[in-house]
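S.K.: Sequence unavailable; structure follows:
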C-alpha cells in the first residue's frame, strides 16, 4: 500500500466540509421540483400584457396586495405605485420580450429575458415572480448590466 502525504490545508478542508455534507437539503429549496404549468402560463401572460400595452389585462393578473421591487429603487411598492412608476412610464416604450428561460418551483418562477424597445435598444433582466391563487403577488426585478436599464433611457 502506498502512503499519500496530506497537507494541513487538505486535511483542514476535508474536516471543514464533512459537517456540511451531513446537513440535509432545506425543504424550502424544493430540489427537483418543477414549475407548475399554471405558473408558467401566468408568467407568459404577464409579459404578453406588457407587449400588448394592455393595463386591464395585466391588472387582472396582479393580486390586490401585489408588490414590485427593484434597484430603481422600488422597495415593495404597491400595485398603484407600480402602475404609475413603471407601467405608465415604460409600457409605451416596450416592443417585445424574448423569454430566454422560465424556471421555478410551484408558484415561484425566475424569468430571464431580453427586452426589445420600440427605439431599437435592448436590455436583459431576470425577474423573480411569486403567485398565490392564480395571481402574481410579487415581482422582484434584477437588472442586467451597469446601473439599471430603462426603456426610456437613450443610453440603453
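M.R.: Yes, it's here. Quick caveat: nothing in here was measured; it's all calculated off a predicted structure. Numbering: from 1, shown residues only.
S.K.: tell me which element residue 67 is part of?
M.R.: Of the helices and strands defined by DSSP states H and E, residue 67 is found in strand 62-70.
S.K.: For the closest residue to residue 76 other than its chain neighbours, name its beta-bridge partners.
M.R.: Once flanking residues are discounted, residue 76 sits nearest to residue 67: 4.2 Å by C-beta to C-beta, 6 or more residues apart in numbering. Quick note: C-beta positions are derived from backbone N, CA and C, even for glycine. Beta-bridge pairing for residue 67 (DSSP bridges): residue 78, residue 138.
S.K.: is it true that residue 67 touches residue 80?
M.R.: No: the criterion here is C-beta atoms under 8 Å, and residue 67 misses it with residue 80 at 11.0 Å.
S.K.: Of these two, which one has the most company?
M.R.: A count of neighbours by other C-beta atoms under 10 Å puts residue 67 above the other of residue 67 and residue 80, at 20 against 9.
S.K.: In contact with the more buried one, which residues?
M.R.: Contact analysis of residue 67 by C-beta atoms under 8 Å, 6 or more residues apart in numbering lists 76, 77, 78, 79, 82, 137, 138, 139.
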